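>>> when you get a sec, could you give me coordinates for this:
(chains A and B)
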Amino acid sequence: MRRGFSLVETIIALLVVGIFLISSMFVISHTKEISNENQHAVRFLAAKSAIIDFFMYSPSATTTMEAINDLLDRLGLSEFELIEDVDMVHPGNDENISLYTAKLRDTLTGRSDLFYVVGYNEP
Amino acid sequence: MWLDTMNHKKGYVLTITLFVMVFASIILTTMSLQLNRTIKRSREYSMVRSVQNVCENLINFSTGYLSDRYSKLYFNDSWPEVEEFINFISSKGGKEGYYWGVSLNSLRDVSCYLLTNDTGFRNLLDTQPWLESYGATAVLYQIGNRYILITSAEKNGMTRYAVATLAEISEVIPVLATAYPGKTFSELKTTKGKDKIGKGDFFAGPVMIFGNTTVVSGDPANIFAGDLYTHDLIAPPETSDYSYTQIATSAESYLSQEVSETIEKISSLASVTIDYPYDILPTSLTEDTLLVVNPPSSDVPVYVTFATNYDAKKPENYERKVTFTSGGKSFSIDLDDYGIDYLNVLIEGDAIFDYNSKASDPHKALAVIGKYDIVATGNIYINSNLIYRDYYEAFNNGNGNSSVANQGISSLSDLSDVLSKRAVNDLLSITTLSGDVYINYTQGNGSSSHGIKTITARLKALPKDGKGGKIKFPDIDLVSSGGHNSQLFLVGGMEALAVEGDLNNLDNLFGVPDQVTTSYLKKKLRLFGLRSW
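From the prediction side, this is the model:
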């Protein structure tokens, strides 16, 4: 009767475990990356929603890039910033309707998005 | 023992390794699946939020479109998706969804106005970048005096909805706004042992005095029931701690806003001009049309007359009509003939509101039937009483079918009766731009046996280029107080730089805001709440 593990067994076991650990590390790292990206995506959505609410419910609000970026900072969403001042037009020259166009960028991922908000200005 | 046994089993290390790997793989797979699920949900949520955002944008867009354009809304359409909409919101959010479903269930049986079928709206909507790749619907329901606006947006098979409640803005206008009211104020009190009222004033709406307000007797709280805005209030020391709003605004700056709005309104409307002596009357008029009345020459006034000999018991016999007479020639505009709800008029010169153009009678009453906004560039003279239908019986004793307004407010029950009335179908706005408003008590045949004057109108004397801006009572010193209390009863209000004439000669001054809850020039809507699913 043989005692202990054979060398071949040990080598195979170590090899298999090594391969498993390496691939696991890769999978875990990738998962973490995706998880981070998802977290950014959620925070990006939060930043976007904050700007949408700001213009939707404050029709006479400022449209300057600095003011909005300051707002995002105060909300703890400092990794996001507007690329330029928010553009505002009155569709059909109707002063009761304001169409805001904003370009938001995630400074960590480089992702940016252009979106629109329509505000109603009570006469 | 166990370890010893293990050590003696051949190849067991591979089994352990396999177990560990299987266990780790299960953990990794579960983790990945959970992460994938989270990512999928967050992407879905992002997509849902985008569609909801389009619905909310559409709510604001639709409200803005409706609010700034007067349009008669005919609720004759049906919305095929209403069933689907109610089922959708009922299934969301548990009990909350159930209550939403119950509250909006009545929409199944109600006709609506499909705003997205409106060509003007559709054309404007088609230019909107935020609607690209979305299918969208906006539909308006009327429930009582409120509107329910529903929007839906669809993208890649995902449909979302938003609902908003809209209501017309209640326009609170001051019943008196001037720097010099031409009088001091006193509390209205009954005479000893009777219900009959003595000398005093009562305002059911806001009063703005751009100067000092003096109360000589009584409690300001019982005079200014609808709030007082003034520079300073001088009141008897024994009165209550009446709280008023102290302002520093001048009458000039307050009225300059009114002047700008009036000019803006006039210039925004399409003009249809009647030049005396005219040949033909306009074939069509809309709420966005301005009827310009040019008298034969600048020194000839235009007489404005509403329904005469009005019988409040037979209101169906009377038309929503106004008559203009100048240089002996008359024409009438019947609002129903033109299918309009209100009429905008600009009189280039002086305007006289009188029973007829031949002999003025200060007792006579014109029944104002319909909604009119009349602006004159000259002076305005108000000789007859001007009374909305719903108030007519309160001031006309009806004896002998005589259309006189000789029944004033003589008791608290009279006042209570008048305050309970609501004239929602008639509205008259009389504005002079750069002229003065003259209110005459004894003008014409001069045989006025009492001093009862009732004016249901929003009177505005707006100064322009340093001219005009006063409301004058040229014969106020001659007003009789025998028999009946002399009084001025306003339903609407007076706005002017100053009131000229000693109004202390009148026993009573009453001011009641009119009950029309919206500007009849344009629909003004307020968005009361928005919910999206």
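
>>> when you work out contacts or count neighbours from here on, use the C-alpha atoms and nothing else.
OK.

>>> so for the top helix by length along chain A, mean pLDDT?
Across chain A, the helix with the greatest residue count (assigned by DSSP state H) is helix A:7-57. Across helix A:7-57, pLDDT averages out at 85.

>>> quick one: the helix or strand following that helix to helix A:7-57, angle?
Later in the chain than helix A:7-57, the nearest helix or strand by DSSP states H and E is helix A:65-74. Helix A:65-74 and helix A:7-57 are oriented at 130 degrees to each other (axes from the mean of the first three to the mean of the last three C-alpha atoms, to 10 degrees).

>>> state the mean pLDDT of helix A:65-74.
On average, the pLDDT along helix A:65-74 is 88.

>>> neighbouring contacts of the helix or strand following that helix?
Next in sequence after helix A:65-74, counting helices and strands by DSSP H and E, comes strand A:80-82. Contacts to strand A:80-82, defined as C-alpha atoms under 8 Å, 6 or more residues apart in numbering or on different chains, come from residues A:44, A:47, A:65, A:68, A:69, A:72, A:102, A:103, A:104, A:105, A:106, A:107.

>>> out of those residues, which comes closest to chain B?
Chain B lies nearest to residue A:44 out of the contacts of strand A:80-82, by C-alpha to the nearest C-alpha, at 10.0 Å.

>>> gap between the closest one and residue B:39?
14 Å (C-alpha to C-alpha, to the nearest Å).

>>> of the two, give the one with the bigger neighbour count.
Neighbour tally, residue A:44 and residue B:39, criterion other C-alpha atoms under 10 Å in any protein chain shown: the higher count belongs to residue A:44, 22 against 19.

>>> list the contacts of that one.
A:80, A:106.

>>> now swap in residue A:92 and tell me
Going by C-alpha under 8 Å, 6+ apart, the list of residues near residue A:92 reads residue B:124.

>>> where does it land on pLDDT?
The predicted structure lists residue A:92 with a pLDDT of 86.

>>> assign it to helix, strand or coil.
Under DSSP: H, G, I helix; E, B strand; the rest coil, residue A:92 falls in the helix class.

>>> ok, the closest residue to residue B:196 other than its chain neighbours - how many residues close by?
Using C-alpha to C-alpha, 6 or more residues apart in numbering or on different chains and skipping residues adjacent in sequence, the residue nearest residue B:196 is residue B:411, 4.4 Å away. For residue B:411, the neighbour count with other C-alpha under 10 Å is 17.

>>> separation between residue B:411 and residue B:191?
Going from residue B:411 to residue B:191 by C-alpha to C-alpha gives 9 Å.

>>> which residues are in contact with both of the two?
With C-alpha under 8 Å, 6+ apart as the test, residue B:411 and residue B:191 both reach residue B:197.

>>> show me the contacts for the residue in the stretch 101-250 of chain B that chain A sits nearest to.
Scanning the stretch 101-250 of chain B for proximity to chain A using C-alpha to the nearest C-alpha identifies residue B:130 as nearest, at 5.9 Å. Counting by C-alpha under 8 Å, 6+ apart, residue B:130 touches A:115, A:116, B:54.

>>> what do you get if the cut-off is 10 Å, keeping everything else the same?
Each residue near residue B:130 by C-alpha atoms under 10 Å, 6 or more residues apart in numbering or on different chains is listed here: A:99, A:101, A:115, A:116, A:117, A:118, B:53, B:54, B:57, B:58.

>>> how is chain B divided into domains?
Taking automatic domain parsing as the domain assignment, the ranges for chain B are B:42-170+B:523-532, B:176-512.

>>> could you identify which of these is most buried?
domain B:176-512 (a mean of 19; mean count of other C-alpha atoms under 10 Å in any protein chain shown).

>>> span of it from start to end?
10 Å.

>>> what's the mean pLDDT across that domain?
In this model, domain B:176-512 has an average pLDDT of 87.

>>> overlap in contacts, residue A:44 and residue B:39.
residue A:38.

>>> the longest helix that chain B contains versus helix A:7-57: what angle between them?
Looking across chain B with DSSP H, the single longest helix is helix B:12-67. Put simply, helix B:12-67 runs at 10 degrees to helix A:7-57, going by the same axes, to 10 degrees.

>>> which helix or strand lies directly C-terminal to helix B:12-67?
helix B:82-90.

>>> how about the CA coordinates for the next helix or strand after that following helix, as PDB?
Counting by DSSP H and E, the next helix or strand C-terminal to helix B:82-90 is helix B:95-104. Extracted as PDB, the C-alpha positions of helix B:95-104 are listed here (Å, rounded to 0.1, in the frame of the first residue of the first chain):
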ATOM      1  CA  LYS B  95     -52.800  49.000  -3.300                       C
ATOM      2  CA  GLU B  96     -51.700  52.400  -4.800                       C
ATOM      3  CA  GLY B  97     -52.300  51.000  -8.300                       C
ATOM      4  CA  TYR B  98     -55.700  49.800  -7.300                       C
ATOM      5  CA  TYR B  99     -56.700  53.200  -6.000                       C
ATOM      6  CA  TRP B 100     -55.400  54.900  -9.200                       C
ATOM      7  CA  GLY B 101     -57.400  52.400 -11.200                       C
ATOM      8  CA  VAL B 102     -60.600  53.200  -9.200                       C
ATOM      9  CA  SER B 103     -60.100  56.900  -9.400                       C
ATOM     10  CA  LEU B 104     -59.600  56.900 -13.200                       C
END
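
>>> give me the contact list for helix B:95-104.
B:82, B:85-93, B:105, B:107, B:148, B:533.

>>> a markdown table for those residues, including distance to residue B:498 and pLDDT?
A markdown table is the format used below for these (distance: C-alpha to C-alpha, whole Å; pLDDT from 0 to 100):
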| residue | distance to residue B:498 | pLDDT |
| --- | --- | --- |
| B:82 | 56 | 91 |
| B:85 | 57 | 92 |
| B:86 | 57 | 92 |
| B:87 | 60 | 91 |
| B:88 | 60 | 91 |
| B:89 | 57 | 90 |
| B:90 | 59 | 91 |
| B:91 | 62 | 89 |
| B:92 | 60 | 84 |
| B:93 | 59 | 77 |
| B:105 | 54 | 88 |
| B:107 | 52 | 88 |
| B:148 | 44 | 92 |
| B:533 | 54 | 88 |
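
>>> which among those residues gets closest to chain A?
Closest to chain A, out of all of the contacts of helix B:95-104 and judged by C-alpha to the nearest C-alpha, is residue B:533, at 15.1 Å.

>>> so what's that closest one up against?
B:48-49, B:51-52, B:55-56, B:88-89, B:92-93, B:97, B:152, B:159-163.

>>> do residue B:63 as well
Per C-alpha under 10 Å, 6+ apart, neighbours of residue B:63: A:96-97, A:119-122, B:57, B:140, B:149, B:164-166, B:524-527.

>>> let's see 8 Å
Here residue B:63 is in contact with A:120, B:166, B:525, B:527 (C-alpha under 8 Å, 6+ apart).

>>> do residue B:456 as well
With C-alpha under 8 Å, 6+ apart, residue B:456 has these contacts: B:386, B:387, B:388, B:428, B:489, B:490, B:491, B:492, B:514.

>>> what about 7 Å?
Residues near residue B:456 by C-alpha atoms under 7 Å, 6 or more residues apart in numbering or on different chains: B:386, B:387, B:388, B:490, B:491, B:492.

>>> so what's residue B:389 up against?
B:367, B:368, B:369.

>>> moving C-terminal from the helix or strand containing the first one, which element do we reach first?
Using DSSP H and E, residue B:367 sits within strand B:365-368. Later in the chain than strand B:365-368, the nearest helix or strand by DSSP H and E is strand B:371-376.

>>> name every strand pairing with that next one and say which way it goes.
Under the criterion DSSP bridges, strand B:371-376 sits next to strand B:342-347 (parallel), strand B:427-433 (parallel) in its sheet.

>>> where does residue B:232 fall, phi/psi-wise?
Per-residue torsions, residue B:232: phi -150, psi 150 (degrees, to the nearest 10).

>>> bridging residues for it?
Going by DSSP bridges, residue B:232 forms beta bridges with residue B:212.

>>> what does residue B:185 give?
With DSSP bridges as the rule, residue B:185 is bridged to residue B:215.

>>> before we move on, the earlier item: turn the contacts of residue B:456 into a markdown table, columns for secondary structure.
Output for these, formatted as a markdown table (three-state DSSP):
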| residue | secondary structure |
| --- | --- |
| B:386 | strand |
| B:387 | strand |
| B:388 | strand |
| B:490 | strand |
| B:491 | strand |
| B:492 | strand |
